[in-house]
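>>> What follows is a protein structure lacking sequence information:
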């Protein structure tokens, strides 16, 4: 029967692992599929980056209790982990526990989710049918699994946005892709040779861009000819954050350090700029053209581009699932008003749970950073609260699912815009 089937979790990052830990606590069977070679693959892409939130916000409570049960040492709550440490000190020990390990499949990409015997159109008796997941193991063998519920925690990191303002990867951008790094390079170590003594353009305005720029500023001080250009669509002063007012001090410090680097002349800034094209020039370097403050703008002689322009969700394997998303942000619809940067810029999002995440397809949920779609500023603690609430609901405790068991730190920035219906939309 359907109720005896496991809950399927897609994605082996921290939020997917948190959902697994919660199901273990509830003694509900689960299966977890991770497309990468190991758990936490995306965190290893920026293993060198120190997170601005301390361990206290980066370990799920249910996972913590399981680790303590097996006497696994936990890092100090006040310390700031690197991306690699999220995997080595937390995710690997957690997913190696006997309650979790037998039910986790790596190198296992989910290529299709649907209802057994139903296409997307058919409605009668739909909710009684189990979910079916088609999973490709090791890029070769495909298997079919059945589940009573599905939790999609795949994230968005693997789907970066283009650098152009139109939102699509132009043919020109694809042609010069070997000179564009999508993500946060390790410019001080692994990727040093690629960037030192070059002219580098960093595109983007979020925390990824700030981390990249600060590393490049350090590289510039230790090399002879390294030059940095920062291109962002926002006005520069909108990106520095809450500074000393941020309740996560390390997050506030990022903006303060970046401001100092700019004031010291280490970074040339092109703010309020929209990129139209990037192409090779006659010197073998790159030329970026666009519009800045309603005037044509060309930037020449660029050796490398680092794209920190955010990312977007992948819905291709969900074609037969009845799910919906906000038309602008591609986030879960009920989250749009909470996280839309067009409505407020503070980055502080009130905790939310199963009710806001509910989809038209019963017992199907999108959680974690993918639930935010294209919106920025996601914190792991938010994903852990989502996982807790969804699992409570799936396992029958609807009262617990309604409770809010998380207080998030505020950014120290809260600026309402002129968008309509904003009276109760911001973090207040």
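Received the coordinates, thanks. Remember, predicted model here, so these are calculated numbers, not experimental data.
>>> Quick check: residue 374 vs residue 159, distance?
Per Cβ to Cβ, to the nearest Å, residue 374 is found 10 Å from residue 159. For glycine as for every other residue, the C-beta is placed from the backbone atoms N, C-alpha and C.
>>> ignore the last one, residue 192
Applying Cβ to Cβ, the value for residue 192 to residue 159 is 27 Å.
>>> Kindly report the same for residue 335.
Taking Cβ to Cβ, one finds residue 335 at 18 Å from residue 159.
>>> quick one, which of the two is more surrounded?
Higher neighbour count among residue 335 and residue 159: residue 335, with 23 against 15, using other Cβ atoms under 10 Å.
>>> The more buried one and residue 356 touch, don't they?
Yes. The pair residue 335 / residue 356 is scored as a contact, 5.8 Å apart, by Cβ atoms under 8 Å.
>>> the strands in the stretch 1-150 of the chain, which residues?
Secondary structure of the stretch 1-150 of the chain (DSSP state E, counting those that start in this stretch): strands located at 7-10, 30-33, 104-105, 108-115, 131-137, 141-147, 149-152.
>>> just checking, what packs against the fourth one?
It stands for strand 108-115. When contacts are defined as 3 or more Cβ pairs under 8 Å, 6 or more residues apart in numbering; DSSP states H and E, strand 108-115 sits against strand 30-33, strand 131-137.
>>> repeat that with 7 Å
For strand 108-115, the elements it packs on are strand 131-137, judged by 3 or more Cβ pairs under 7 Å, 6 or more residues apart in numbering; DSSP states H and E.
>>> Tell me the gap between the strand it packs on and the middle of its chain.
Counting by Cα atoms, centre = their mean, to the nearest Å, strand 131-137 is centred 23 Å from the centre of its parent chain.
>>> remind me which residues of the stretch 1-150 of the chain are low pLDDT?
1 (pLDDT under 70).
>>> Apply 90 and report the result again.
Applying pLDDT under 90 to the stretch 1-150 of the chain flags residues 1-3, 52-53.
>>> Kindly report the same for the stretch 151-300 of the chain.
165-168, 205-207, 234-255, 281-284, 293-294.
>>> Tell me which stretches of the stretch 101-250 of the chain form helices.
Applying DSSP state H, counting those that start in this stretch to the stretch 101-250 of the chain gives helices spanning 171-175, 192-195, 207-221, 249-263.
>>> and the last one with helix 207-221, angle?
Between the axis of helix 249-263 and that of helix 207-221 there is an angle of 50 degrees, by axes from the mean of the first three to the mean of the last three Cα atoms, to 10 degrees.
>>> picking up where we left off before, residues that sit against both of residue 374 and residue 159, list them.
By the contact definition Cβ atoms under 7 Å, 6 or more residues apart in numbering, residue 374 and residue 159 are jointly contacted by residue 312.
>>> tell me the contacts of residue 395?
Shown in contact with residue 395 (Cβ under 7 Å, 6+ apart): 26, 28.
>>> Just give the nearest non-adjacent residue to the residue most central in space within the chain, would you?
Centroid-nearest residue in the chain, with Cα atoms, centre = their mean: residue 369, separated by 4.4 Å. Leaving aside its sequence neighbours, residue 369 sits nearest to residue 378 (Cβ to Cβ, 6 or more residues apart in numbering; 4.4 Å).
>>> Domain boundaries for this protein, per the record?
2-158+311-402, 171-307 (automatic domain parsing).
>>> could the ones you listed be laid out in CSV, adding distance to residue 165?
Putting these into CSV (distance: least, Cβ to Cβ, whole Å) gives the following:
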stretch, distance to residue 165
domain 2-158+311-402, 14
domain 171-307, 4
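>>> Please identify the most buried of the ones you listed.
Mean neighbour count, computed with mean count of other Cβ atoms under 10 Å, is highest for domain 2-158+311-402 among the domains of the chain, reaching a mean of 19.
>>> Ends of it, what's the gap?
End-to-end distance for domain 2-158+311-402, by Cα to Cα, to the nearest Å: 25 Å.
>>> what separates it from the chain centre, distance-wise?
Relative to its parent chain, domain 2-158+311-402 has a centroid offset of 12 Å by Cα atoms, centre = their mean.
>>> Over to stretch 156-173?
Per Cα atoms, centre = their mean, the displacement of stretch 156-173 from the mean C-alpha position of its chain is 16 Å.
>>> List of residues touching that stretch?
By Cβ under 7 Å, 6+ apart, the residues outside stretch 156-173 that reach it are 42, 45, 180, 182-183, 203, 233, 274-279, 305, 307, 309-314, 369-370.
>>> out of those residues, which are inside strands?
180, 182, 203, 274-279, 305, 307 (DSSP state E).
>>> Would you mind checking which of those is nearest to residue 128?
Distance to residue 128, by Cβ to Cβ, is smallest for residue 182 among the ones in strands among the contacts of stretch 156-173, at 42.9 Å.
>>> isn't that closest one right up against residue 308?
No. With contact defined as Cβ atoms under 7 Å, residue 182 does not reach residue 308; the gap is 8.5 Å.
>>> re earlier: Throw the ones in strands among the contacts of stretch 156-173 into CSV and include distance to residue 146, thanks.
Below are the ones in strands among the contacts of stretch 156-173 laid out as CSV (distance: Cβ to Cβ, whole Å):
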residue, distance to residue 146
180, 42
182, 36
203, 44
274, 48
275, 46
276, 49
277, 48
278, 47
279, 50
305, 45
307, 40
